[in-house]
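1. My questions are about this predicted structure, shown below with the sequence.
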Amino acid sequence: MQQLDIKSFDSTPIHCYLWDDVESPKGVVQISHGMCEYAGRYHEVAQMFNEHGYIVFADDHRAHGNTETDENRGRHPGDIERKTVKDLVFFYNWLKERYHLPQVLMGHSYGSFLAQDFLQQGTDVKAVALCGTADMNGAQAALALLWPLELFAKDWRPKFVNPVSDMIFDARYKGEKGPSQWVTSDVERRQVFIDDPMAGIDISVNFDWNMIKAFGRIYKKENIAKISPNVRIGIFSGDMDPIGGTKSSKAKKLLRRYRKAGLNAKIHIYKDARHELHNEKCRDEYFRDIVGFFDSAISAAESAVV
């Protein structure tokens with residue numbers, strides 16, 4: 001694995017990770033990580049893709065990981081959602097010029113919402129895997145409550161948000177102890193997440209404001225219509241993931257939205273699995289499914305060219 005800092009579209013240095021020690025690679029997987037974590041947590045995922053013939057690239061998104069200082073982690077000026085999507089497009093084009101290989105994108109959680117926006121940006125990406133995802137249309141109603149804070153305290157990073165979120169998300173898991181039960185049912189891997197100083201960080205009001213504001217944009221019909229009919233969309237959801245809704249209801253809603261628009265979308269639902277499928281007990285099955293999904297998409301794209 002290489003670590004490098006690359007200046008993005010606006011000259012902001014972004015900390016990146018590259019796993020490209022692959023003999024005869026067949027494609028490039030770009031990873032978009034979740035909120036309050038960082039791309040370095042995906043080393044095992046990247047190695048798995050390497051073993052199946054894929055080069056892997058990921059960046060620590062703005063306000064996250066080694067892209068930000070300890071002091072500023074969790075906040076970033078301006079519209080962080082739009083900037084981060086522009087980063088994804090910038091790095092997509094950087095990878096295209098570097099490798100000249102078919103490209104796919106994997107987005108987890110917050111990264112999956114960025115990936116939903118990325119789908120509308122006119123790239124030639126062959127497939128996008130949306131993991132730990134949901135249809136968040138309607139969440140923008142929360143802006144009415146947030147606007148006074150955005151106006152007067154946008155850089156504030158309230159420390160009560162993560163504990164309260166844990167309490168709400170963990171309510172469905174009976175007989176378990178400790179925080180962040182919703183992240184994974186694998187207790188050892190959950191503890192690694194809890195112990196990681198760059199995971200579970202506090203985020204600013206402005207961060208939440210701009211992410212929620214994006215939900216009011218990316219589900220509009222005119223923006224869904226910007227998605228190429230040639231891209232394959234895979235939705236991967238644990239049926240005990242609170243983000244995806246009860247029995248993956250919000251993930252299924254997203255599937256219906258894409259199919260209604262005539263897009264090539266499919267869903268994989270994992271029984272008893274929680275939010276981080278790549279850290280769940282069913283991760284081997286999940287890895288087989290996501291590799292198969294990308295392999296199939298690249299094969300279909302190459303056949304279409306012939």
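-> Structure received.

2. quick one: the strands in the stretch 101-250 of the chain?
-> 103-108, 127-131, 232-238 (DSSP state E, counting those that start in this stretch).

3. Just send those strands back as JSON lines, with mean neighbour count, distance to Asn264 and mean pLDDT too.
-> Heads up, the C-betas are built off the backbone N, CA and C, glycines and all. Below are these laid out as JSON lines (neighbours: other Cβ atoms under 10 Å; distance: least, Cβ to Cβ, whole Å; pLDDT from 0 to 100):
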{"stretch": "strand 103-108", "mean neighbour count": "26", "distance to Asn264": "14", "mean pLDDT": "99"}
{"stretch": "strand 127-131", "mean neighbour count": "27", "distance to Asn264": "9", "mean pLDDT": "99"}
{"stretch": "strand 232-238", "mean neighbour count": "26", "distance to Asn264": "5", "mean pLDDT": "99"}
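
4. got a list of contacts for stretch 187-199?
-> By Cβ atoms under 8 Å, 6 or more residues apart in numbering, the surrounding residues in contact with stretch 187-199 are 36-38, 40-41, 64-66, 73, 178-181, 183-184, 200, 276, 279.

5. Could you rerun that using 10 Å?
-> Contact partners of stretch 187-199, identified using Cβ atoms under 10 Å, 6 or more residues apart in numbering, comprise 34, 36-38, 40-41, 44, 60, 64-66, 68, 70, 73, 176-184, 186, 200, 274, 276, 278-281, 283.

6. Would you list the buried entries among these?
-> Buried members of those, scored by 16 or more other Cβ atoms under 10 Å, are 34, 36-38, 40-41, 60, 64-66, 68, 73, 179-184, 186, 200, 274, 276, 278-281, 283.

7. Just the ones in strands from those, please.
-> Among the buried ones among the contacts of stretch 187-199, none falls in strands (DSSP state E).

8. and the residue nearest to Thr133 when sequence neighbours are not counted, how many residues sit next to it?
-> Nearest residue to Thr133, sequence neighbours excluded (Cβ to Cβ, 6 or more residues apart in numbering): Ser112, at 3.7 Å. By the measure other Cβ atoms under 10 Å, the count of residues near Ser112 is 28.

9. Pull up the gap between Ser112 and Val164, please.
-> Look at Ser112 and Val164: by Cβ to Cβ, to the nearest Å, they are 22 Å apart.

10. now Ala171
-> 11 Å.

11. For Val45, which residues are in contact?
-> 19, 29, 31, 33, 39, 56, 58, 106, 108, 277-279, 283, 286-287, 290.

12. Kindly export the one helix or strand it maps to (C-alpha atoms) in PDB.
-> Val45 belongs to helix 43-51 when assigned by DSSP states H and E. Taking C-alpha atoms only, helix 43-51 is exported to PDB below (Å, rounded to 0.1, in the frame of the first residue of the first chain):
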ATOM      1  CA  HIS A  43      -7.000  -2.200   4.000                       C
ATOM      2  CA  GLU A  44      -8.500  -5.700   4.300                       C
ATOM      3  CA  VAL A  45     -11.200  -4.800   1.700                       C
ATOM      4  CA  ALA A  46      -8.500  -3.500  -0.700                       C
ATOM      5  CA  GLN A  47      -6.400  -6.600  -0.300                       C
ATOM      6  CA  MET A  48      -9.400  -8.800  -1.100                       C
ATOM      7  CA  PHE A  49     -10.000  -6.800  -4.300                       C
ATOM      8  CA  ASN A  50      -6.200  -7.100  -5.100                       C
ATOM      9  CA  GLU A  51      -6.500 -10.900  -4.800                       C
END
